[in-house]
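Peer 1: Return atomic coordinates for the entry below.
(chains A and B)
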Amino acid sequence: MTAIRLPRQSSRDNQDETISFFWNNKKLKARKGDSISSALLSNKFQIIGRSFKYHRARGVTSAGVEEAGALVTTGKGAYTEPNVRASTTELSEGLFVYSQNAWPSVRFDIGSILNLFGRFFAAGFYYKTFMGKIFTGKIFRGIPPLEWGRGTGIWMFFEKFIRKAAGLGTASRLADPDSYEHLHTHTDILVIGSGPAGIQSAIQAAQTGKEVLLVEQDYAIGGTYLSWPDKSEFKTQISKLNKQNITILTRTTAFGLYDDTTIGLVEFICPEERAQKPLKPRQRFHICRAESVILATGALERNYAFVNNDLPGIMTVSSARTYLNRYQLLVGSNIVISTNNDSAYEAGLELEQAGATVTILESREQIGELLLQQISGRRINLYLGSAVAKANHGVFSPCVKQIVMARKTSDGWRQSGSLSCDCLLVSAGWSPVIHLASHQGCPIEWNKENACFISSGDDKSIFFAGSAAGIWQFEDCIQSAPQVARKTKKAQKQSSIIGGWHTDIEPLYEICVPAIKGKAFIDPQHDVTASDVRLAHQEGFISVEHLKRYTTLGMATDQGKMGNIIGLALMADALNRPISDVGVTRFRPPYTSISLGALAGAHRQSHFKPIRRTPFHNWSLANNGVMIDAGLWHRPWYYPKQGENLQDAYIREATITRRSLGICDVSSLGKIMIQGPDSTIFLNRIYTNPFAKLAVGKARYGIILREDGMVFDDGTTWRLSENSYLMTTTTNHAAAVMARLEELLQTRWPELRVHVTSITDQWAGCAIAGPNSRNLLSEIVDDPSEISNETLPFMGVKQVLLQTIPCYIARISFSGERAFEVYIPSDYSHAMMQFIWNKAQMFESCLYGLEALGTMRIEKGHVTGAEIDGRVTIEDIGLGKMASQNKDFVGSALRNREMLTSPNRPQLVGIFPKDKHKKFSAGALLNEAGKTKGHPLGWITAVTHSPALGHWIALGFIEGGLTAVEDKHIVLSDELRSIFLDVEIVSPHMYDPEGTRLHG
Amino acid sequence: MIQISCPFCGKRDHSEFSYGGDGQINYPSLDASQETWHDAVFLRENIYGRQIETWQHLYGCRSWLLVERDTRTHEIFSVKLAHADWQKMMEENR
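Peer 2: Here you go, the predicted structure:
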């Protein structure tokens, strides 16, 4: 096949603007408006790529999304995009295009030697070879694929070579430099496809006053119209279309149809536009919502299975027509057409008129009078009852050179001579594009008369028009445009116009002639052959779902748009059942491949999730704070002095805090205002401990359980006045606690007059801890008597004016020292922190971060999210006394279940290494010495070096708790880090267990 | 991508909402027996068809809602405020 470029027909297009591009780094010229396929064909390149498994030469097989041969890589470096369909991608100035899966060149490819060994690479080859008995040397057990893990060593070794030999394009490993956008698009009616039926549907819908969006995946509007020689009808329709208020998006694929008539659209921005405006995104991902969607998605022409049906130079009939009329390319001079239906004749006539010799092999014994009249007197040879049995390539070229014909006889197909040709066009029927309806689970039925699957939408919001509904005649397609707005769908009786051939189509899926052997492809992109399907049948993989997975039929990037039906037909034949019984796998989005970048949109890198900064954030940074992610929050981790690392810093911070004074940002704790006359009743129901008698001006530590009796969250709650409380939660559970309180108030106890408000962001909080904490506060409050041990005892709360600003001071300690939490309105946080910090310079003082905070809480045995992981009861964390026996609360019924009250449950303990110089890590397991295999006795949740104790310590859980293991020899094992230690299990209150430091 | 019509905020994407659970459970009082609580917390119908479930308009008005949804098609038939008095007020003021 050598394509011939013809002059353009209309005078307007006659300028013939040329653009240049690079094919495997060679500079070539093409016409503006060319696709990559038409540009390569016009430059006489027929071999575009090498196939997935057998490295067979492949060329252009279509002019649309069903393309299985002409897959290329475009762009260079970070802009590389593999597996681009050359037939649908528009050529842009300076585009780099590369062939795939070939070395050293696509013309001469070393890997094609695999083709000679092809019979060894049938379906299931890898499973059978690398995971079966041969290499394991052990007894064969189970079905090979289920033996994963056995014999995989050898697979691991060979995998890299196999992966290198098999495959398509290679993706760049560089970050994608392009940007992508997300849009929410709303319209009344979405029309997908801009062929005759699509344009007509859009016009009709717009005439009723509806808002209409028309999307077209191609870079030109028109669909089938573009493949017609006569453009007058098209021009009339376009001018009608332009008179209506219709939004038109070209280069836009509707890739998926979802609930509520939500459609995923990916819009490619015109490369020319991007060249001028580089800040434009590469693609836009539209989440489109419509009242109804009209699928005018057309139909795809199929080929059929015969030996060597994948040679370059073999394509569908309709694509030759598209290349002729849209791109002015005559795909060959000596053309053979093989068909089973009427649609091929128009193309045959046009190709003959353009100067080619045309031979038609018609599989039907008879065709209509009309067709016969049309071809009479033209240079067209017609062979009735004939088809192709085999295609042969030339001696020095892998392109089609000759075909072996088959003739229908009473005992099936028989070889009947040969024809030379430079191009073979195939049409074995049409498959309506019903994919989107299938995404939504609309029923799909096999239509025997037309040899295709048909869907008719859901009659509510999903409608079909044109050949997507299995309607073949132009006038019928125009008629079929649904009157969605007028709700006259039912009256249309669309079924009556389905089909419309002059002579019935005759199913044609495979030509198999005795004595002709070779590969007949049904899924050329994945190199799945007709014999693979028969092998699958022979080995018992007969359901379509198994067939698909065993042979990988339809699992390549084209998703079997052309080949799936042939595969089904062959399986039906092997099973001796009709195709309707074999069924079809449900189509899944996306219809054509879409880039992950489009799905991610702007949600990448630092935009992947929001950042929450505390009101002290900038102040902390200015004071040398190093931040750490804690959920969405960025919290100060440690404040290093010159030359200090994390460990130096936190040990210093914890030491100075215990010795004198430390200040820490605790703003990320959840803060919830609870207000209303029934607040006390509410709190008494949700906390395990009593809240009914909490005095105004006092705080209490409380625990909330889930309904199943497990610990949900903990924190202090302060009674600010008779009817208002400030609840604090852990940083991690702040949002969940808030939602839970709202749920209880709105769904369970609507009678309670309580209102909850999150005030986390409105208040900044800092902890002032250490023996000098009260001395510092005396310096910052107006009246130091307000904060004496008598007026503000442990768990006391007070509103005070700091520099005229009303703030709260609560005497609460997480560190175990004498400590206060000062809550400041966020707007004043920066100035107030500076004020406090300036005063702190009178003492030996430091800022401390999350790491030192963690150290001090581990020393004290205070629990956090590491221990309250959703699997522990209140007894497990040693706080059983906080569960009131005198009232009912959320979780009180179910926490007493048998398994939750067992004394053997793992309980919170402290852990010391026997050798005080040893270091270890969280996540290590605890076992009895000599029993380190199997289920462990316990585990470590948090580890720190304790400056107060002078060695590494940890919190963890162990079965039965401290008393159960007192006389046991416990070892710690951390297999991953190879740490094995003898440890001592101690009380979790490892430092100042009596609490004298915090009460003073 | 279902949309839920919040009685306060109007029709919004489901990504603004968070799913709660079965909306037809009659939760017992806190002093009910362990068995009663067990059944309320752990036993669920696996409904094929219409069910009433709770959702919270988390990134909106934060109302807890009772949504009647078809588990097969995701079609939503009704949305009400879970707080019965509020729902009544909404209806009266409509």
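Peer 1: can I see the domain layout of chain A?
Peer 2: As recorded under automatic domain parsing, the domains making up chain A are A:4-101+A:305-427, A:110-165, A:180-300+A:431-497, A:518-582, A:616-667+A:762-848, A:670-758, A:892-999.
Peer 1: so A:L330 bridges to which residues?
Peer 2: Beta bridges link A:L330 to A:I4 when assigned by DSSP bridges.
Peer 1: distance between the ends of stretch A:593-612?
Peer 2: Start-to-end span of stretch A:593-612 (Cα to Cα, to the nearest Å) is 36 Å.
Peer 1: And stretch A:60-78, by the same measure?
Peer 2: Start-to-end span of stretch A:60-78 (Cα to Cα) is 27 Å.
Peer 1: What residues does chain A have near chain B?
Peer 2: Residues of chain A lying near chain B by Cβ under 8 Å from any Cβ of the partner chain: A:258-260, A:262, A:287, A:289, A:685, A:707-708, A:739, A:742-743, A:745-748, A:750, A:888-890, A:892-894, A:896-897. All C-beta atoms are positioned from the backbone trio N, CA, C, and that covers glycine.
Peer 1: Buried ones in stretch A:922-940, by neighbour count?
Peer 2: For stretch A:922-940, burial by neighbour count (16 or more other Cβ atoms under 10 Å in any protein chain shown) applies to A:924-927, A:936-940.
Peer 1: Going by distance to chain B, which of these wins?
Peer 2: A:W939 (26.9 Å; Cβ to the nearest Cβ).
Peer 1: before we move on, the earlier item: just the residues of chain A next to chain B: which are in helices?
Peer 2: Here DSSP state H is the test, and the residues of chain A next to chain B give A:685, A:739, A:742-743 as lying in helices.
Peer 1: tell me the two of those residues that are most distant?
Peer 2: Within these, A:R685 and A:A739 form the most distant pair, 16.8 Å apart (Cβ to Cβ).
Peer 1: If you count surrounding residues, which of the two has more?
Peer 2: Using other Cβ atoms under 10 Å in any protein chain shown, the more surrounded residue of A:R685 and A:A739 is A:R685, with 19 against 16.
Peer 1: okay, how far is it across stretch A:431-448, tip to tip?
Peer 2: Start-to-end, stretch A:431-448 (Cα to Cα) is 12 Å.
Peer 1: re the thing from before, write the PyMOL selection for whichever of the residues of chain A next to chain B are buried.
Peer 2: If you want just the buried ones from those in PyMOL, going by 16+ other Cβ under 10 Å, the selection is:
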select buried, chain A and resi 258+260+262+287+289+685+707+708+739+742+743+745+746+747+748+750+889+890+892+893+894
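Peer 1: roughly how far out does stretch A:326-346 sit from the chain middle?
Peer 2: The chain centroid and the centroid of stretch A:326-346 are separated by 40 Å under Cα atoms, centre = their mean, to the nearest Å.
Peer 1: again, but for stretch A:752-763
Peer 2: The chain centroid and the centroid of stretch A:752-763 are separated by 37 Å, computed with Cα atoms, centre = their mean.
Peer 1: In that stretch, which residues are buried?
Peer 2: Within stretch A:752-763, the residues scored as buried using 16+ other Cβ under 10 Å are A:752, A:754, A:756, A:758, A:760, A:763.
Peer 1: okay if I get those residues as JSON lines plus pLDDT and secondary structure?
Peer 2: Formatted as JSON lines, the buried residues of stretch A:752-763 follow (pLDDT from 0 to 100; DSSP: H, G, I helix; E, B strand; the rest coil):
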{"residue": "A:L752", "pLDDT": "97", "secondary structure": "coil"}
{"residue": "A:V754", "pLDDT": "98", "secondary structure": "coil"}
{"residue": "A:V756", "pLDDT": "98", "secondary structure": "strand"}
{"residue": "A:S758", "pLDDT": "97", "secondary structure": "strand"}
{"residue": "A:T760", "pLDDT": "97", "secondary structure": "coil"}
{"residue": "A:W763", "pLDDT": "97", "secondary structure": "strand"}
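Peer 1: before we move on, which element is A:T944 in?
Peer 2: strand A:938-946 (DSSP states H and E).
Peer 1: Tell me which other helices or strands that strand touches.
Peer 2: Helices and strands touching strand A:938-946, by 3 or more Cβ pairs under 8 Å, 6 or more residues apart in numbering or on different chains; DSSP states H and E, are helix A:850-860, strand A:906-913, strand A:925-928, strand A:951-959.
Peer 1: looking at those, which is buried most?
Peer 2: Among the helices and strands packed on strand A:938-946, helix A:850-860 has the highest mean neighbour count (mean count of other Cβ atoms under 10 Å in any protein chain shown), at a mean of 24.
Peer 1: how about the residue positioned nearest the centre of chain B, secondary structure?
Peer 2: Against the mean C-alpha coordinate of chain B, by Cα atoms, centre = their mean, the closest residue is B:T54 at 2.0 Å. Here B:T54 is strand, with the state taken from DSSP: H, G, I helix; E, B strand; the rest coil.
Peer 1: tell me the helices in the stretch 51-200 of chain A, going along the chain?
Peer 2: Using DSSP state H, counting those that start in this stretch, the helices assigned to the stretch 51-200 of chain A run over residues A:125-130, A:133-136, A:152-165, A:196-207.
Peer 1: Mind telling me which of the domains of chain A the model trusts least?
Peer 2: When those are compared by mean pLDDT, domain A:110-165 comes last with a mean of 57.
Peer 1: pretty sure A:G601 contacts A:H184?
Peer 2: No - proximity of A:G601 to A:H184 does not meet the contact threshold set by Cβ atoms under 8 Å, at 11.6 Å.
Peer 1: Tell me which of these two has more neighbours.
Peer 2: Neighbour totals were compared for A:G601 and A:H184, and A:G601 leads with 17 against 9 (other Cβ under 10 Å).
Peer 1: what's the nearest residue to the more buried one if we skip its chain neighbours?
Peer 2: Of all residues not flanking A:G601 in the chain, A:H182 sits nearest, at 3.9 Å (Cβ to Cβ, 6 or more residues apart in numbering or on different chains).
Peer 1: Tell me which residues touch A:L937, please.
Peer 2: A:906, A:926-928, A:958-959, A:965, A:970 (Cβ atoms under 8 Å, 6 or more residues apart in numbering or on different chains).
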